[in-house]
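Student: sequence first, then the predicted structure:
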There are 8 protein chains.
Amino acid sequence: MNLTVYLAGQIHDDWRNHLKEKAKAKNLPIEFVGPQEDHDLSDAIGEKVLGEQPGNVYRDDAASAINNFRTEVLLQKADVVIALFGEKYKQWNTAMDASTAITLKKPTIIVRPESLIHPLKELSNKANVTVETIDQALEVMEYIYK
Amino acid sequence: MNLTVYLAGQIHDDWRNHLKEKAKAKNLPIEFVGPQEDHDLSDAIGEKVLGEQPGNVYRDDAASAINNFRTEVLLQKADVVIALFGEKYKQWNTAMDASTAITLKKPTIIVRPESLIHPLKELSNKANVTVETIDQALEVMEYIYK
Amino acid sequence: MNLTVYLAGQIHDDWRNHLKEKAKAKNLPIEFVGPQEDHDLSDAIGEKVLGEQPGNVYRDDAASAINNFRTEVLLQKADVVIALFGEKYKQWNTAMDASTAITLKKPTIIVRPESLIHPLKELSNKANVTVETIDQALEVMEYIYK
Amino acid sequence: MNLTVYLAGQIHDDWRNHLKEKAKAKNLPIEFVGPQEDHDLSDAIGEKVLGEQPGNVYRDDAASAINNFRTEVLLQKADVVIALFGEKYKQWNTAMDASTAITLKKPTIIVRPESLIHPLKELSNKANVTVETIDQALEVMEYIYK
Amino acid sequence: MNLTVYLAGQIHDDWRNHLKEKAKAKNLPIEFVGPQEDHDLSDAIGEKVLGEQPGNVYRDDAASAINNFRTEVLLQKADVVIALFGEKYKQWNTAMDASTAITLKKPTIIVRPESLIHPLKELSNKANVTVETIDQALEVMEYIYK
Amino acid sequence: MNLTVYLAGQIHDDWRNHLKEKAKAKNLPIEFVGPQEDHDLSDAIGEKVLGEQPGNVYRDDAASAINNFRTEVLLQKADVVIALFGEKYKQWNTAMDASTAITLKKPTIIVRPESLIHPLKELSNKANVTVETIDQALEVMEYIYK
Amino acid sequence: MNLTVYLAGQIHDDWRNHLKEKAKAKNLPIEFVGPQEDHDLSDAIGEKVLGEQPGNVYRDDAASAINNFRTEVLLQKADVVIALFGEKYKQWNTAMDASTAITLKKPTIIVRPESLIHPLKELSNKANVTVETIDQALEVMEYIYK
Amino acid sequence: MNLTVYLAGQIHDDWRNHLKEKAKAKNLPIEFVGPQEDHDLSDAIGEKVLGEQPGNVYRDDAASAINNFRTEVLLQKADVVIALFGEKYKQWNTAMDASTAITLKKPTIIVRPESLIHPLKELSNKANVTVETIDQALEVMEYIYK
């Protein structure tokens, strides 16, 4: 059974590649999708498509419309969502994507370090599973095939 | 036309009272509901109902289950959601409540200071309306009745 | 049985009042809601709430967000939608509101003059009932109570 | 990841072919579907199937039923909708298809010239992304694969 | 607890009044709604609103649009549907209304004489409850309040 | 684009084969599904699986449960429903299947002879397209691919 | 804010009265509904309405149809479901009602003694809140009003 | 037509293999999925992924979260659910899975021995089909392909 997994979360390190390689090593038939990982492109895509905007607020709004469009297309294709929270960054996008997925009844795994237990307790309580590392998230995915 | 408005956001100052009083002064037929504003009670409610838990993680999980239950009951009754973001606190709960509301097609207003434009741009883009002050949010509500 | 009817369509003459008075004369227990009928306010509401915007495009976008919010709140309360098309104006808003209502399974009546039969044939075919005058639309509403 | 895109909008020039060829040149794995582009066939299909109708109103209604049926089948298969508005024609069908798609949570791109910003501001505000040219719409689609 | 019950079925005798009076005698807090019971009006309503149509097919289509609109408004208000089948008439409307109600998860009671068990067996199997007389249907409604 | 079409309607002649052969001759990529066409098996399936039942009512109920199960599985797989009504038989199953499909937003074609226009007018008005012959229904399907 | 609470669970003792009285003592504006508590009536209702059935299986099936109908009407009216499990009885009905409520996104509280933690762990994990006594369940309800 | 069938029920004997082999012998194009059948792994999976928990309650909760996640992923892929009840064990999971499936409109077959007719009568009444042996359940599946 092939599954598509959307990887929500920050795009500042290569945690997605780490996950993909491990999944490949285990021969799991999973296709991973996720947000635009080229951070500069992600911030610039609005002006890249629509031309220069009148200031940062409008630049951000143009980019976020296209990023949200991209996420919506891929999230609808996903069977599962894995959402990673880390100690840096506000990551409201991650909370937004996880919460959207949960509301749409997409089975959702939250990954967060121990230090974030308190601020994430409500979202964690709504998710299907909460773990502390992406390796644990992959173990949960692997369990589906056992 | 009576409307019920859920006020998502932090519970560390009395912004909700400010909003309620202004709405009353304008004679708007709005009933406001929202999360538990007694912060200590909100954190303690799990152990208060279920008894002592084996450590903070479990204390938090017990509390969040009951807080989520409370939110879900009230959110389903709401016609509109107003979600306030401020510079302090991580406020993932607020992002979670706003995103749940948007996904459930509840008309949603986000209130956030100028300093949060960039980190909130995707959520702001998905909401129906984004403003900078709670007075502006109330103006939007008042506009429904004009 | 009280019903709420959303009156979609242009805001340049007083057709809504005409309808409301006739409904009142017939003692129909109907509450009518609809878009902001003060045209200047409708166009200005974005800047009125959010302050001056950098040009007309952004002024329009700010206004439309608040007008869409208003419509969404009222449309969700409506049991029936009556959408009036006339020969003037592009009226894409009207088509948008009617189509949203039909997709949400809100029973919908379209009112359009004979001259618009051809360009509105697909929308008309999707609506529950299509008539040529607002008096006919009211007759259809009255029929519910007979 | 293969995607199906429904191309809503007028059928009086070959903008769909232009888009399809560009997508092919970029090797995007997209299947495009859309309304019947043979305009005469589109208007005649009702009588072609059902035989002569008693006048134009009934001819139009018969055709629109079959065209709506066709659109509904293809729209349900689509992952994305791109809706083109131009300066000619009333294009209420386009507004209807875009609005249906948005209400069904299909990610939707609106393409409209600068001259239509004002009359389309509400629909544009509800769509996920609004651009001015079909090349920009394709750039947005391409961004999903980057 | 007040309930609204839609009474689907033929409109050729006064079975609805019989039911309403019995419910009143038992003091059940039920509001009954249903199709237009004035048969001539029901058949004529299309031409009454829209003017003369080009033949019976179009007369019927105009009437059925308005009758369907009426049913849709009232069915959406109903908490329960009771659908009566008798030995006369084809009663495809009744089957349509019952099936619509069941698909929308409205609790539905079918009333049919013993002679119709075989032709109605699939619909009966999908309904929540099937009885043989309208008095039995009322007993089932009364049971809710016991 | 492959489509699955559910063929609702009576099972007493070979109209489904006629349709399938014509579709094949036109090379339409359509998979047809439908109810159990072996009438005796269809009536006997309940007792065949569950053993003898205490009389015809229970025999019918056991069969209809399994036939409804079969229909539900296949209807959920279908992109389109074609429902044939003829002059013989009560065909409440056909009305039930068509009405279920329409309520689930499955695009639906009704086929009925001229003699049934009046009793089927409401269902016909709710369907997407109504025609008089199965060849016309196939023409409508073929039009999707033109 | 008035709330309606459906009390799922066994009907062999008066736990519902206990809960209702306590809620009354606390002045909570809650209307409680639930299954038929007269056990004999609950088992006999099928034959009472439909007449004698051919054996216990059919007697049970007739009763359960009417009991399910009753539950469905009341569950749809409920804002919250409280489901009590005890050590006696199989209580598959309770599991069924709780699971239906959770799937329909009704906020749900499960009450179960410590001895049932293991067999109920999956259902408990899906519910919003799990407690051990009905007094605790009432505390959770009371918390909504604090 | 390929179908996916989720096999809910106890995991203490090899009834699933029995069913799979019979389906294979009949060449039915069915993919079977189901819960984790390694009972020890199923109970231990929480601690295996998340590390040691503070006692059995938390061990069970951790395991059930992951088992529920697994079930939700597979249930959403399923076209049909077969739920087996036996005389041993409480099997609230089975009731939960069957009830979830029925509420989600997944066609559902319940298998239960004669001795469980009374306690399962309400769930049985809500399911599409109820049989006594897994061979009968397979006969029902086979009937789809006849």
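Tutor: Nice, I can see it.
Student: contact partners for the residue of chain A positioned farthest from its centre?
Tutor: Ranked by distance from the centre of chain A (Cα atoms, centre = their mean), the top residue is A:Pro54, with 29.8 Å. Applying Cβ atoms under 8 Å, 6 or more residues apart in numbering or on different chains, we find A:Pro54 in contact with C:54-55, C:58. (Each C-beta comes from the backbone N, C-alpha and C, glycine too.)
Student: please apply the same query to A:Arg59.
Tutor: So A:Arg59 contacts A:43, A:46-47, A:53 (Cβ under 8 Å, 6+ apart).
Student: sort out which one of those residues lies nearest chain B for me.
Tutor: A:Asp43 (8.8 Å; Cβ to the nearest Cβ).
Student: still on that earlier bit, so how do I select the buried members of the contacts of A:Arg59 in ChimeraX?
Tutor: To isolate the buried ones among the contacts of A:Arg59 in ChimeraX, judged by 16 or more other Cβ atoms under 10 Å in any protein chain shown, type:
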select /A:43,46,53
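Student: who in chain A is up against chain D?
Tutor: Taking Cβ under 8 Å from any Cβ of the partner chain as the contact definition, chain A meets chain D at A:31, A:33, A:36, A:38, A:41, A:45, A:48-50, A:65-66, A:68-70, A:72-74, A:76-77.
Student: if you set the cut-off to 10 Å instead, what comes out?
Tutor: A:4, A:31, A:33, A:36-38, A:41-42, A:45-46, A:48-51, A:62, A:65-77, A:104 (Cβ under 10 Å from any Cβ of the partner chain).
Student: measure the residue lying closest to A:His39 once chain neighbours are set aside to chain B for me?
Tutor: Once flanking residues are discounted, A:His39 sits nearest to A:Ile11: 5.5 Å by Cβ to Cβ, 6 or more residues apart in numbering or on different chains. Look at A:Ile11 and chain B: by Cβ to the nearest Cβ, to the nearest Å, they are 12 Å apart.
Student: ok, A:Ile11 - contacts?
Tutor: Residues near A:Ile11 by Cβ atoms under 10 Å, 6 or more residues apart in numbering or on different chains: A:34-39, A:42, A:89, A:93.
Student: helices or strands next to the host helix or strand of A:Val140 in the packing?
Tutor: A:Val140 is located in helix A:134-144, with elements delineated by DSSP states H and E. The helices and strands touching helix A:134-144, judged by 3 or more Cβ pairs under 10 Å, 6 or more residues apart in numbering or on different chains; DSSP states H and E, are strand A:3-9, helix A:15-25, strand A:30-33, strand A:80-84, strand A:108-111, strand A:129-131, helix H:39-50, helix H:56-77.
Student: and those, which is most packed in?
Tutor: With neighbours defined as mean count of other Cβ atoms under 10 Å in any protein chain shown, those peak in mean count at strand A:108-111, which reaches a mean of 28.
Student: quick revisit: quick one: the residue nearest to A:His39 from G:Arg59, how far?
Tutor: 63 Å (Cβ to Cβ, to the nearest Å).
Student: the helix or strand A:Asn93 falls within and chain C, are they touching?
Tutor: Assigned by DSSP H and E, A:Asn93 belongs to helix A:92-103. No: contact of helix A:92-103 with chain C (Cβ under 10 Å from any Cβ) is absent, the minimum separation being 17.1 Å.
Student: relative to strand A:80-84, how tilted is that helix?
Tutor: 150 degrees (axes from the mean of the first three to the mean of the last three Cα atoms, to 10 degrees).
Student: other SSEs contacting helix A:92-103?
Tutor: Partner elements for helix A:92-103 (3+ Cβ pairs under 10 Å, 6+ apart): strand A:3-9, helix A:56-77, strand A:80-84, strand A:108-111, helix A:121-126, helix B:92-103, helix B:121-126.
Student: what's the average pLDDT for that helix?
Tutor: For helix A:92-103, the mean pLDDT works out to 96.
Student: just stretch A:107-125 next, same as before
Tutor: 95.
Student: dump that stretch to CSV, restricted to CA.
Tutor: Extracted in CSV, the C-alpha atoms of stretch A:107-125 (Å, rounded to 0.1, in the frame of the first residue of the first chain):
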residue,chain,number,x,y,z
PRO,A,107,-3.9,11.2,10.5
THR,A,108,-1.2,13.4,12.0
ILE,A,109,2.0,12.9,13.9
ILE,A,110,3.6,15.8,15.8
VAL,A,111,7.4,15.8,16.4
ARG,A,112,8.6,18.2,19.2
PRO,A,113,11.5,18.3,21.6
GLU,A,114,10.8,17.8,25.3
SER,A,115,11.3,21.5,25.9
LEU,A,116,8.2,22.3,23.9
ILE,A,117,5.8,20.0,25.7
HIS,A,118,4.1,22.8,27.6
PRO,A,119,3.4,25.3,24.8
LEU,A,120,2.3,22.5,22.4
LYS,A,121,0.2,20.5,24.8
GLU,A,122,-3.2,21.4,23.3
LEU,A,123,-2.1,20.7,19.7
SER,A,124,-0.3,17.6,20.8
ASN,A,125,-3.5,16.4,22.5
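Student: how about it, which residues are buried there?
Tutor: For stretch A:107-125, a neighbour-count test (16+ other Cβ under 10 Å) marks A:107-112, A:116-117, A:119-125 as buried.
Student: from the residues you listed, which two are the most distant?
Tutor: Farthest apart among the buried residues of stretch A:107-125 by Cβ to Cβ are A:Pro107 and A:Pro119. That separation is 23.1 Å.
Student: just to check, A:Val73 is in contact with A:Val33?
Tutor: Yes: using Cβ atoms under 10 Å, A:Val73 is in contact with A:Val33, at 9.2 Å.
Student: so for those two, which residues contact both of them?
Tutor: Common neighbours of A:Val73 and A:Val33 are listed as D:1, D:144 (criterion: Cβ under 10 Å, 6+ apart).
Student: nearest spatial neighbour of A:Ala98, chain-adjacent residues omitted?
Tutor: A:Ala83 (3.9 Å).
Student: ok, the one you found to chain G distance?
Tutor: Remark: distance between A:Ala83 and chain G (Cβ to the nearest Cβ) = 19 Å.
Student: indicate the residue of chain A located nearest to chain C.
Tutor: In chain A, the residue that lies nearest chain C is A:Pro54 (3.9 Å; Cβ to the nearest Cβ).
Student: please, a ChimeraX command that selects the buried ones among the contacts of A:Ile11?
Tutor: In ChimeraX, a selection of the buried entries from the contacts of A:Ile11 looks like this (16+ other Cβ under 10 Å):
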select /A:34,35,36,37,42,93
